[in-house]
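In: here you go, sequence then predicted model.
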Amino acid sequence: MKKAVILGERRAGLAEVPDPQPKEDWALVRVLVAPMCTEYKMFVGGHRAEFLGHEAAGEVAAVAQPCRVKPGDRVVVMPQYPCGTCPLCLAGEYIHCENCPDFAGFTGSSEGSATYAQYLLKPSWLLPRVPDGVSYEHASLACCALGPAFGAFDLMGVDAFDTVLITGLGPVGLGGVVNARYRGACVIGVESHPWRVERAKELGAAAVLDPNDPDCLRQIRDLTGGRGVDKALDCSGVPAAHRLCIDAARRKGHVAFVGECGDETRIRVSPDMIRKGLTLHGSWHYNLALVPAVMKVIVESQAVLDRLISHVFPMSRIQEAFETSASHDCAKILLKPWE
Ligand SMILES: [Zn+2]
Ligand SMILES: [Zn+2]
């Protein structure tokens, strides 16, 4: 099969490798759509990488034994390789699995572990069906385009009475705009990149503010009658944005963090949490039991989803796809591994 690789700084290409083989209840999936995510950071940083991508939708190509899927099934690929048996996996919180098996140790090779490829392997319990009438392109948004915000909004109970602040309007934050509007909430976005500001407004954000404006916090308060937002979601991973979410949330409000961050954010226990009564959530993905609800968002938002997808590239044009991803003039970018 063919797969995409990063060869060096701002250089990507294709490689030919052996097809992976299904084993036990790990099915072989023919990848028809592979959304791009944070991999562009390795492309820009010049980190050679042979196994790229964790998001996909496709068709079951083969199974090794009777399992939860059969050849021909249209499926979405859930992320990671969790054990399926630890308490967190059993509770649907597989993303936090305490006992992930070694992929190559189980299958005999690392091929099949990445989604920027024509085939991948996945435990069959992590391959939910794509509803009839939903395209592979739209179904693939159940991964990181809509997933992180969906999980965070579920934790925070976002509904039509809420004004939600979303900081960082890359593909995850734009997916947050779609999710918030689906739930009937009013969205205030924070983003500096002009392309993304415009796209957030098209997707239904009521206002998009500039994080570099020193007046940003006051503007959020003005837009909320002086109270602050009910819920806030950070998708940027920037400590200043974390602080903005905490400071802009109203008393007894909620803040969720989904943007990855290696730096420290200062949180003051008394004024931020005890006296203000804030609830802070860390959220990575969504519980497996919520898959039908995520699919419902997709089924009922199809007209909007074509604006959440900004580019579709054949995988043969991986260099151009990465350059577009690195430019930030994009929402979600989809790769077609067979084109
Ligand atoms: Zn587990
Ligand atoms: Zn992702």
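Out: All right, it came through fine. Ligands and ions are numbered 1, 2, ... in the order given.

In: any idea how many residues pack against Tyr182?
Out: Other residues within reach of Tyr182, judged by other C-beta atoms under 10 Å, total 19. Using the backbone N, CA and C atoms, a C-beta is placed for each residue, glycine as well.

In: any idea how far Ile95 is from Gly151?
Out: Distance, Gly151 to Ile95, using C-beta to C-beta, to the nearest Å: 9 Å.

In: okay, and the common contacts of those two?
Out: Listed as contacting both Gly151 and Ile95 by C-beta atoms under 8 Å, 6 or more residues apart in numbering are 284-285.

In: of the two, who's got more company?
Out: Each of Gly151 and Ile95 has its neighbours counted (other C-beta under 10 Å); Gly151 has more, 22 against 19.

In: roughly how far does His96 sit from Gly282?
Out: Distance, His96 to Gly282, by C-beta to C-beta: 10 Å.

In: neighbour-wise, which of those two wins?
Out: His96 (13 against 9).

In: what's the pLDDT at the more buried one?
Out: Note on His96: pLDDT of 97.

In: dump the residue contacts of the nearest residue to it once chain neighbours are set aside.
Out: Once flanking residues are discounted, His96 sits nearest to Leu88: 4.9 Å by C-beta to C-beta, 6 or more residues apart in numbering. Going by C-beta under 8 Å, 6+ apart, Leu88 touches 82, 94, 96-98.

In: filter those to the buried ones?
Out: The neighbour-count criterion (16 or more other C-beta atoms under 10 Å) marks 82, 94, 97 among those as buried.

In: pick the one among those closest to ligand 1.
Out: Nearest to ligand 1 out of the buried ones among the contacts of Leu88 is Cys97 (C-beta to the ion; 3.2 Å).

In: mind checking which helix or strand the nearest residue to that closest one once chain neighbours are set aside is in?
Out: Nearest residue to Cys97, sequence neighbours excluded (C-beta to C-beta, 6+ apart): Pro82, at 3.3 Å. Per DSSP states H and E, Pro82 falls between elements, in no helix or strand.

In: verify the contact between Pro82 and Ile95 for me.
Out: Yes. Under the criterion of C-beta atoms under 8 Å, Pro82 makes contact with Ile95 at 7.3 Å.

In: report the beta-bridge partners for Leu121.
Out: Under DSSP bridges, the beta-bridge partners of Leu121 are Leu28.

In: give me the neighbour count for it.
Out: Considering only other C-beta under 10 Å, Leu121 is surrounded by 22 other residues.

In: also Glu339?
Out: 11.

In: likewise Asp159?
Out: Residues lying near Asp159 (other C-beta under 10 Å) number 14.

In: from Gly184, how far off is it?
Out: Remark: distance between Asp159 and Gly184 (C-beta to C-beta) = 7 Å.

In: mind listing the shared neighbours of the two?
Out: Here Asp159 and Gly184 share no contacting residue, scored by C-beta under 8 Å, 6+ apart.

In: need the phi and psi values for Gly262.
Out: Gly262 has phi and psi values of phi -100, psi -10 when expressed as degrees, to the nearest 10.

In: that one: neighbour count?
Out: By other C-beta under 10 Å, neighbour count at Gly262 equals 5.

In: circling back to that earlier point, and the two most separated of the contacts of Leu88?
Out: Pairwise distances among the contacts of Leu88 were taken by C-beta to C-beta; the largest, 10.3 Å, belongs to Tyr94 and Glu98.

In: isn't Leu290 right next to Phe153, touching?
Out: No. If you go by C-beta under 8 Å, Leu290 and Phe153 don't touch, sitting 10.4 Å apart.

In: neighbour count: these two, which is higher?
Out: Set Leu290 next to Phe153 and count neighbours by other C-beta under 10 Å: Phe153 wins out with 25 against 16.

In: who's in contact with Val60?
Out: 27-30, 69-73, 75, 127.

In: check Ala27 too.
Out: By C-beta under 8 Å, 6+ apart, Ala27 lies in contact with 60-64, 67, 69, 121-124, 127.

In: list buried residues within the contacts of Val60.
Out: Neighbour-count burial (16+ other C-beta under 10 Å) is assigned, among the contacts of Val60, to 27-30, 69, 73, 75, 127.

In: how about the residues of the stretch 51-200 of the chain by ligand 2?
Out: Counting by C-beta under 5 Å from the ion, the stretch 51-200 of the chain comes close to ligand 2 at 55, 144.

In: could I get the contacts of Val60 as TSV with pLDDT, secondary structure and distance to Ile267?
Out: Converted to TSV, the contacts of Val60 look like this (pLDDT from 0 to 100; DSSP: H, G, I helix; E, B strand; the rest coil; distance: C-beta to C-beta, whole Å):
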residue	pLDDT	secondary structure	distance to Ile267
Ala27	98	strand	43
Leu28	98	strand	45
Val29	98	strand	41
Arg30	98	strand	46
Val69	98	coil	43
Lys70	98	coil	49
Pro71	98	coil	50
Gly72	98	coil	50
Asp73	98	coil	45
Val75	98	strand	40
Leu127	98	coil	38
